[in-house]
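Chemist: Below are the sequence and a predicted model for it; my questions follow.
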Amino acid sequence: MSRKKSSTEMKIIDRQVLDDLAAAARSNPRRRQHLNLHASYSEPCQRLLNALEPDSYIRPHRHLTPPKPESFLPLRGRFAVVLFQEDGTIERSVLLSADGGALAVDIPAGAWHSVFSLDSGSVFFETKPGPYEPLSDKDWAAWAPAEGTAAAVAYLRQTRALAVQW
């Protein structure tokens, strides 16, 4: 007997989902891959899984227009979540690990931040208010290099090294 799929179908996140997502991140030129759990970008709560490789660069940004907080919960591996001051200096860094220590962070709306993977195969759960509007979702930090540039590679290496010293 086949089951009819319903709009209220519960989504199950198991090790195979994490394995597949991590493999997709390793083969992605940006070295990351997300999996939306929400059905549409218009939903009031955006929920997703993010697989991130250590050489993936997420340019520091904030969610200011409109202001949105954001939460990260590691499911596999380790991450450094970094908050920056207005001038780009590190204000705080927190090591998140699925194996203990800090288990999650909640980033205040409008705070400059980035996240760096410290282990290959790392995956975290992310949630923030919706709707998601691609043109206004992020304010990119002018003091951080754009993704895909040689300067971004050096910036990632330097900032990640500073972040793990905290």
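Modeler: Arrived safely, thanks for sending. Quantities reported herein were computed from a predicted structural model and do not represent experimental measurements.
Chemist: CA atoms for contacts and neighbours, from now on please.
Modeler: OK.
Chemist: The residue lying closest to Arg78 once chain neighbours are set aside: neighbour count?
Modeler: Beyond its immediate neighbours in the sequence, the residue positioned closest to Arg78 (Cα to Cα, 6 or more residues apart in numbering) is Ser97, lying 4.4 Å away. When neighbours are defined as other Cα atoms under 10 Å, Ser97 has 21 of them.
Chemist: so how far is Leu75 from Ser97?
Modeler: Relative to Leu75, Ser97 is positioned 8 Å away (Cα to Cα, to the nearest Å).
Chemist: Spit out the contact partners of the residue nearest to Arg78.
Modeler: When contacts are counted by Cα atoms under 8 Å, 6 or more residues apart in numbering, Ser97 touches Pro74, Leu75, Arg76, Gly77, Arg78, Phe79, Leu103.
Chemist: what's the answer for Pro67, then?
Modeler: Shown here is Pro67, whose contacts under the criterion Cα under 8 Å, 6+ apart are Ala109, Gly110.
Chemist: Just the pLDDT at it, thanks.
Modeler: Model confidence at Pro67, expressed as pLDDT, equals 92.
Chemist: The chain: helices as residue ranges?
Modeler: Assignment of helices within the chain using DSSP state H yields the ranges 15-27, 150-164.
Chemist: How about residues contacting the first one?
Modeler: The one in question is helix 15-27. With Cα under 8 Å, 6+ apart, helix 15-27 has contacts from Arg31, Arg32, Gln33, His34, Leu35, Asn50, Ala51, Leu52, Glu53, Gly121, Ser122, Val123.
Chemist: In strands, which of those fall?
Modeler: Mapping these onto strands (DSSP state E) picks out Arg32, Gln33, His34, Leu35, Asn50, Ala51, Leu52, Ser122, Val123.
Chemist: now, the most widely separated pair of these?
Modeler: Maximum pairwise distance in the ones in strands among the contacts of helix 15-27, criterion Cα to Cα, is 13.6 Å, between Leu35 and Ser122.
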